[in-house]
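A.B. asks: fold the following for me, if possible:
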Amino acid sequence: MQSINVKSEIGRLKKVLLHRPGKELLNLTPDTLERLLFDDIPFLEAAQQEHDAFAETLRNNGVEVLYLEDVMAEVLDLSDEIRDEFIKQWINEAGISTGLYKKKIYDYMMQFKDDSKVLVLKSMEGIVLKELNYTKSDSLVDLMSDPSKLVIDPMPNLYFTRDPFACIGNGVSLNRMYSVTRNRETIYGEYIFKYHPDFKEKVEKYYDRYNAFHIEGGDILNINDKVLAVGISQRTEPDALELLAKNIFENENSAIETILGFDIPNSRAFMHLDTVFTQIDYDKFTIHPGILGPLRIYKIEKGNCRGEIKVEVQNSDLETILEKSLGIDQVELIKCGGEDMIAAEREQWNDGSNTLCISPGTIITYQRNTKTNELLKQRGLKVLEIPSAELSRGRGGPRCMSMPLDREPVNY
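C.D. replies: As a prediction, the model looks like this:
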C-alpha cells in the first residue's frame with residue numbers, strides 16, 4: 001500500500017493527520033495576534049475538548065487518526081543525529097542569530113532529549129526568555145528585556161494541518177508558506193518525508209519548501225485522479241502553481257493530466273480555495289456565494305516538450321467546468337448561508353464552506369453554522385456536526401484541520 005494515496009476529496013477517508021492544539025495557544029497575546037495570524041485568543045482547554053470531539057467523530061466513522069506530534073517524535077527517536085539536526089535547524093529558522101543564544105536554546109531543548117514528544121511539543125509552543133538560563137549582566141538586550149519576552153515565537157496555526165503540505169495522488173507538495181510565522185511549520189513535514197520509515201523514499205515530491213514561491217495546502221483540491229484544482233490566492237502565487245504543474249507533469253508516476261487554476265479574490269474571507277469551495281458528494285459542492293461572480297479559471301496541461309506547459313483561460317461557468325472535469329451531467333452548488341447574505345457572510349467567517357468529506361455524502365461541519373448545515377441536510381447530506389466555539393477563532397474549518405493521507409478510490 002502507498003504511504004500516501006489521495007486522489008479525490010470524497011473517497012472514504014481511511015487515514016488522516018491532525019494536530020491537537022497545545023500550549024502554543026497560551027503564548028498568544030493581543031500584541032502578537034496580527035503577527036501570528038490570529039483574530040482572537042482561543043481558550044485552550046475548550047479548544048482541546050472540541051478537537052478531541054473532532055478526532056472521536058473521525059474514529060467513530062472508521063478513520064485512523066495520526067497526530068503530527070507523534071509522527072514527528074517517531075522521527076526524532078530514530079537517532080541522536082536526527083534529533084540534533086532538527087533542533088539546530090529549528091533554532092536557525094526561528095531567527096536566532098547569536099552564538100550565545102543558539103547555545104542557550106540548544107541546551108534548554110536538550111533537557112527533553114529523553115522524551116521526543118515533549119521536545120516536539122516544546123518546539124511548537126515557543127520559548128519565553130524567563131525559561132532560559134540567562135544572566136542580565138551578560139547582555140544589554142537581556143538587561144533591557146521583559147522576562148516574558150518571546151525569544152522564539154509559538155506556532156499557533158499548527159492545528160490547521162492542511163496547509164504546510166498537501167497530498168496529491170501518491171505524492172506531496174511540501175509547501176513554502178506565505179508568512180514567516182507559518183513557513184516554520186513546514187519543518188515537520190520536511191523531517192517526516194525525509195526520515196520516517198513509513199514515508200521515506202515512498203512519496204513523490206512535487207514541491208519543496210525551499211522553492212522561492214508561496215503555496216499553501218488549503219489551495220489544493222484533488223478533483224479526481226486526473227484533475228487537480230489549485231487556488232491562486234492571497235497565499236498561493238501563480239509562479240508556484242506553474243512550478244508545481246511542471247513537476248507533476250514531468251513525474252512518470254503521476255496520473256494528473258489537467259490542473260485548474262482558480263483566480264480567487266485576495267482577501268481574508270477568501271484566504272484559500274477551500275474556504276470558498278469544497279466537494280462533499282459525487283455531484284455536490286459547498287460554495288461561498290461570492291465565488292459565483294466573475295471568476296477566471298486557467299486550464300493547465302502538459303506541453304509538447306519536456307518542462308513546458310500549455311495554459312488557456314476557461315470562459316465557461318463554474319458548473320460547466322466541474323461537470324466536464326468530473327465527467328458527469330450536472331453538479332449542484334450549495335451556497336453557504338443559502339440566499340440569506342447576512343447568514344452567508346456570518347457563516348463564511350466561521351468556515352461554513354470548509355467541510356471535510358469522509359465518504360461520499362458524509363461530511364463533518366462546525367455546528368455553529370446552523371443555516372448552512374440545515375441546507376446540507378435538506379439536500380440529503382449526512383452532516384456530522386462538531387463543537388467549534390474556540391477552534392473557529394483560528395479562522396479554519398474541519399478541512400483546514402485535517403490532512404488526509406489515504407482515501408479509497410471513487411468510481412463514478
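
A.B. asks: use CA for all of it now, contacts and neighbours both
C.D. replies: OK.

A.B. asks: burial of Gln111, as a residue count?
C.D. replies: 11 (other C-alpha atoms under 10 Å).

A.B. asks: and it, how far is that from Tyr191?
C.D. replies: Per C-alpha to C-alpha, to the nearest Å, Gln111 is found 21 Å from Tyr191.

A.B. asks: repeat for Val203
C.D. replies: Counting by C-alpha to C-alpha - Val203 and Tyr191 are separated by 13 Å.

A.B. asks: same check, this time on Tyr210
C.D. replies: For Tyr210, the distance to Tyr191 - C-alpha to C-alpha - is 13 Å.

A.B. asks: comparing these two, which residue is more hemmed in?
C.D. replies: Shown here are Tyr210 and Tyr191; by other C-alpha under 10 Å, Tyr191 has more neighbours (19 against 10).

A.B. asks: wait, is the more buried one part of a strand?
C.D. replies: No. Looking at Tyr191 with DSSP: H, G, I helix; E, B strand; the rest coil, it is helix, so not inside a strand.

A.B. asks: who are the neighbours in contact with it?
C.D. replies: If you count contacts by C-alpha atoms under 8 Å, 6 or more residues apart in numbering, Tyr191 has them with 72, 75, 86.

A.B. asks: what's the neighbour count on the last one?
C.D. replies: Phe86: 18 surrounding residues under other C-alpha under 10 Å.

A.B. asks: which SSE is immediately downstream of the helix or strand harbouring it?
C.D. replies: If you go by DSSP states H and E, Phe86 is part of helix 80-93. Once the chain leaves helix 80-93, the next helix or strand it forms, by DSSP H and E, is helix 99-110.

A.B. asks: now the angle between helix 80-93 and that next one, please.
C.D. replies: 130 degrees (axes from the mean of the first three to the mean of the last three C-alpha atoms, to 10 degrees).

A.B. asks: what does the helix holding Phe86 contact?
C.D. replies: Under C-alpha under 8 Å, 6+ apart, the answer for helix 80-93 is 75-77, 102, 105-106, 109, 123, 184, 187, 191.

A.B. asks: doesn't His19 make contact with Leu68?
C.D. replies: Yes. Counting by C-alpha atoms under 8 Å, Leu68 does reach His19; the two are 5.4 Å apart.

A.B. asks: tell me where the chain has helices.
C.D. replies: Counting by DSSP state H, the chain has helices at residues 44-60, 68-76, 80-93, 99-110, 116-125, 140-144, 180-183, 186-195, 238-250, 318-326, 341-349, 370-378.

A.B. asks: show me where the stretch 151-300 of the chain dips below the pLDDT cut-off.
C.D. replies: By pLDDT under 70, the weakly predicted segments of the stretch 151-300 of the chain are 266-270, 292-294.

A.B. asks: what are the boundaries of the strands in it?
C.D. replies: Applying DSSP state E, counting those that start in this stretch to the stretch 151-300 of the chain gives strands spanning 165-168, 171-174, 204-207, 220-222, 227-232, 258-263, 277-279, 284-287, 296-302.

A.B. asks: follow-up on the earlier one: redo the contacts of Tyr191 as TSV? Include distance to Lys377 and pLDDT.
C.D. replies: Shown next, in TSV, are these (distance: C-alpha to C-alpha, whole Å; pLDDT from 0 to 100):
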residue	distance to Lys377	pLDDT
Met72	38	98
Val75	42	98
Phe86	46	98
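
A.B. asks: any idea which of those residues is closest to Gly327?
C.D. replies: Met72 (39.5 Å; C-alpha to C-alpha).

A.B. asks: one step back: which among the contacts of Tyr191 gets closest to Glu301?
C.D. replies: Proximity of the contacts of Tyr191 to Glu301 (C-alpha to C-alpha) peaks at Met72, which lies at 35.7 Å.

A.B. asks: that closest one touches Ile192, doesn't it?
C.D. replies: Yes. With contact defined as C-alpha under 8 Å, Met72 counts as touching Ile192 (6.3 Å).

A.B. asks: re the thing from before, so which of the strands of the stretch 151-300 of the chain comes closest to Lys7?
C.D. replies: Judging those by C-alpha to C-alpha, what sits closest to Lys7 is strand 220-222, at 5.8 Å.

A.B. asks: who's in contact with that closest one?
C.D. replies: Contacts to strand 220-222, defined as C-alpha under 8 Å, 6+ apart, come from residues 6-9, 166, 168-169, 228-231, 273-274.

A.B. asks: would you turn those into CSV with distance to Glu347?
C.D. replies: Formatted as CSV, the contacts of strand 220-222 follow (distance: C-alpha to C-alpha, whole Å):
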residue, distance to Glu347
Val6, 28
Lys7, 29
Ser8, 25
Glu9, 22
Ala166, 25
Ile168, 29
Gly169, 31
Leu228, 27
Ala229, 24
Val230, 23
Gly231, 21
Leu273, 16
Asp274, 14
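
A.B. asks: got JSON lines for those residues, with neighbour count and distance to Ile264 too?
C.D. replies: Below are the contacts of strand 220-222 laid out as JSON lines (neighbours: other C-alpha atoms under 10 Å; distance: C-alpha to C-alpha, whole Å):
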{"residue": "Val6", "neighbour count": "26", "distance to Ile264": "24"}
{"residue": "Lys7", "neighbour count": "26", "distance to Ile264": "23"}
{"residue": "Ser8", "neighbour count": "24", "distance to Ile264": "21"}
{"residue": "Glu9", "neighbour count": "25", "distance to Ile264": "20"}
{"residue": "Ala166", "neighbour count": "28", "distance to Ile264": "19"}
{"residue": "Ile168", "neighbour count": "26", "distance to Ile264": "21"}
{"residue": "Gly169", "neighbour count": "26", "distance to Ile264": "24"}
{"residue": "Leu228", "neighbour count": "23", "distance to Ile264": "16"}
{"residue": "Ala229", "neighbour count": "21", "distance to Ile264": "12"}
{"residue": "Val230", "neighbour count": "29", "distance to Ile264": "10"}
{"residue": "Gly231", "neighbour count": "30", "distance to Ile264": "7"}
{"residue": "Leu273", "neighbour count": "28", "distance to Ile264": "7"}
{"residue": "Asp274", "neighbour count": "28", "distance to Ile264": "11"}
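
A.B. asks: many thanks, I have nothing further to ask.
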